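Participant: need coordinates for the below:
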Amino acid sequence: MARQERSAGFVIYRTSTDGVPQYLLLDYGRHWDFPKGHLENDEDDLAAARRELREETGITDVRVTPDFHHEITYFFRDRKKGLIRKTVAFFLGETCCDPDAIVLSHEHEGFVFLPFEAAVKKVTYPNARQVLKLAHEKLGGDGRASSGGDNLSPDPGKVENA
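Facilitator: Next up, the predicted model:
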């Protein structure tokens, strides 16, 4: 039986001077993904996502977009723990943080802010690309938050590496 783990994170964007959202991707060394990490103690998803964002990037000024909460579930094998079934809750947030002010944790080798088309090509895993597409749709594809809800649910039978 698979061990259960839960994490939370953010799809972070900043709006460029021409009004186009640019999405933050972190270089984990072997893959590009969003800031995320395990829940600690009695944290809820949003508290964990905020803490992980601060710890991994130094960003503290996140403005959470209402009505965007998307979960992905995937399986992976850990050498010590065996089979893990991991669920990650994602939120969408805007930052005004200057890229020069970002301070990466030891877990990351680099970061980049990219417009949607470049970001969707750079992000490594298909489930992360799907979350990015949902986030971009939520922003109306042009950086302005839309009022529609996130109604896509993950395929529970899908196995991804992330």
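Participant: what about residue 83, how many neighbours?
Facilitator: 11 (other CB atoms under 10 Å). The C-beta positions use only the backbone N, C-alpha and C, and glycine is treated the same way.
Participant: surely it is in a helix?
Facilitator: No. Counting by DSSP: H, G, I helix; E, B strand; the rest coil, residue 83 is not found in a helix; it is strand.
Participant: so what's it up against?
Facilitator: By CB atoms under 8 Å, 6 or more residues apart in numbering, the contact list for residue 83 reads 1-3, 75-77.
Participant: bridged to it, which residues?
Facilitator: Here residue 83 sits in beta bridges with residue 77, as judged by DSSP bridges.
Participant: mind jotting down where the strands sit in the protein?
Facilitator: Under the criterion DSSP state E, the chain contains strands at 3-15, 21-27, 32-33, 36-38, 63-78, 82-94, 110-115.
Participant: most tightly surrounded among the ones you listed?
Facilitator: Most buried of these by mean neighbour count (mean count of other CB atoms under 10 Å) is strand 21-27; its value is a mean of 23.
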